[in-house]
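In: model this:
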Amino acid sequence: MDSVRGMFGRMKRLPTFKRRALYGQIDGTTGETAPEPTPPSSSNSQTRPSDNKHISDLEYKMAPSEEMAHRVAQHHKLIRKITGFLIHPRIQSSLPPDAKIADFNTGTGVFLTELCGDLTKQNYTLVGFDTMPEIFPGNGPSTHPTCPARVTFIVHHLLHPHPLERHEVFDSVHTSFLGPVLAGNDWSNVFHNMMDLVKPGGWIQWIDVNLSYQDNKDRIYVSKPGSSKDSYMEMMEGIKYLDNHFYNMISGGKRLKTIAEAHPDVQTVWEDVFNTAQLNEVRVQIDILSVQAWKRLLGQLPEDAGWDSARIERVAEGMLKEANDQVYIPLEVYVVVAQKKSAWKLVEGREKEKAILNAKARELKTLKGRRGPVPDNPGPSS
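Out: Numbers count the residues shown, from 1 in each chain. Model prediction:
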């Protein structure tokens with residue numbers, strides 16, 4: 001019996017892939033900025049590089065303000081109206097009474113604050129991660145009260161791997177609407193970072209939109225005869241350029257299920273697809289918030305694309321006028337939940353992976369010991 005306990009004790013904390021922390025990272029646990037040595041070469045780098053080299057500057061380009069806090073709160077309320085839940089029912093039914101929940105890109109902490117108010121979740125431990133402590137509850141402009149002491153907010157960039165002490169700590173990790181700030185392989189990198197934090201058998205919940213050119217170029221609608229949609233059309237030309245620049249990989253919401261299924265530690269994946277048009281009574285509010293999402297995407301265009309800040313501002317202002325005139329794009333909202341494999345399955349999978357690597361190493365060693373070229377299709381020995 002003691003040997004079984006010992007085995008489970010060893011399995012409780014499974015080994016994770018070691019990766020070098022990103023340089024310049026600021027973490028809420030220390031508040032210190034790491035030194036910036038010479039970056040490692042790409043051949044042995046263990047960081048997860050972003051396709052968007054300016055993401056740190058773009059993610060929170062606007063200064064913290066009451067307007068920003070209000071917009072974040074409104075955004076959250078609209079998400080609730082679209083999906084009908086805070087935590088997906090498939091996840092909620094499996095959470096323990098003392099669940100540990102993490103929120104990526106937490107902003108003003110509105111998701112966690114609402115969890116605080118649920119009497120059935122009073123024993124939850126809640127942690128929010130973001131790069132902007134100025135809008136954390138109690139630190140600055142916010143339309144929400146400070147959360148109880150059991151809620152912690154930590155400064156951490158979503159593209160940075162987390163320290164090992166946070167790995168496999170949380171029963172569920174949540175994030176939503178990163179579409180305006182991610183592109184290319186950023187989507188997979190964030191999913192990897194979320195999965196690191198999830199316990200064996202735990203969950204990821206990711207809610208996001210499809211902002212690609214291909215899927216939205218023919219879906220600009222008017223509600224009144226003769227309404228102008230020129231600014232929306234011009235915006236879509238910029239998104240077309242951006243799609244091509246990132247090899248049609250800005251449509252992260254649509255790719256989330258594929259990204260989750262490709263992760264070696266994922267056991268099951270579930271996808272729900274909603275549409276903003278289903279809430280006609282608040283559609284104009286959604287459309288106005290969507291203009292900010294398109295605007296931030298346009299800000300990721302390369303310098304040679306012809307989209308300077310003045311043009312982006314002009315187009316965004318035009319889109320706001322058109323949105324108030326009920327011009328809109330019905331956006332698809334993707335909800336993906338992914339469950340991490342159990343401890344047994346993770347051990348089994350990593351042992352198989354190790355065995356395959358060892359077999360390949362032995363094969364290469366054997367081939368190096370041979371003389372002469374190795375035939376592509378060697379026949380039977382005579």
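
In: got the contact list for Thr83?
Out: Ile207, Asp272, Phe274, Val333, Val335 (C-beta atoms under 8 Å, 6 or more residues apart in numbering). Using the backbone N, CA and C atoms, a C-beta is placed for each residue, glycine as well.

In: Secondary structure class of the second one, three-state.
Out: This means Asp272. Local secondary structure at Asp272 is given as strand here, using DSSP: H, G, I helix; E, B strand; the rest coil.

In: burial count for it?
Out: Neighbours of Asp272 under the rule other C-beta atoms under 10 Å: 15.

In: I figured it hits Val335, correct?
Out: Yes - at 4.3 Å, Asp272 and Val335 qualify as touching, with contact defined as C-beta atoms under 8 Å.

In: Give me the common contacts of those two.
Out: Thr83, His88.

In: Who are the packing partners of the longest strand that the chain contains?
Out: Once the chain is assigned using DSSP state E, the strand that runs over the most residues is strand 198-209. Under the contact criterion of 3 or more C-beta pairs under 8 Å, 6 or more residues apart in numbering; DSSP states H and E, strand 198-209 touches helix 89-92, strand 170-176, helix 186-197, helix 252-262, strand 332-340, helix 343-369.

In: Of these, which is nearest Val222?
Out: strand 332-340 (19.7 Å; C-beta to C-beta).

In: which residues are in contact with that closest one?
Out: 79, 82-83, 88, 90-91, 195, 198-210, 215, 253-254, 256-257, 260, 263, 265-276, 346.

In: circling back to that earlier point, and the contacts of Thr83, which are buried?
Out: Buried by 16 or more other C-beta atoms under 10 Å: Ile207, Phe274, Val333, Val335, out of the contacts of Thr83.

In: taking these as a set, which two sit the farthest apart in space?
Out: Ile207 and Phe274 (9.0 Å).

In: And the strands in the stretch 101-250 of the chain, which stretches?
Out: 125-130, 151-155, 170-176, 198-209 (DSSP state E, counting those that start in this stretch).

In: what's the closest of the ones you listed to Phe111?
Out: strand 170-176 (6.5 Å).

In: ok so, going back, render the CA-only coordinates of the longest strand of the chain in PDB, please.
Out: Taking C-alpha atoms only, strand 198-209 is exported to PDB below (Å, rounded to 0.1, in the frame of the first residue of the first chain):
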ATOM      1  CA  VAL A 198      -4.000  22.800 -15.900                       C
ATOM      2  CA  LYS A 199      -4.000  19.800 -13.600                       C
ATOM      3  CA  PRO A 200      -4.200  16.300 -15.100                       C
ATOM      4  CA  GLY A 201      -7.900  15.900 -15.800                       C
ATOM      5  CA  GLY A 202      -8.500  19.600 -15.700                       C
ATOM      6  CA  TRP A 203     -10.000  21.900 -18.300                       C
ATOM      7  CA  ILE A 204      -9.300  24.900 -20.600                       C
ATOM      8  CA  GLN A 205     -12.200  27.200 -21.700                       C
ATOM      9  CA  TRP A 206     -11.500  29.600 -24.500                       C
ATOM     10  CA  ILE A 207     -14.100  31.900 -26.100                       C
ATOM     11  CA  ASP A 208     -13.200  33.800 -29.200                       C
ATOM     12  CA  VAL A 209     -14.400  35.200 -32.500                       C
END
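
In: All good on my end, thank you.
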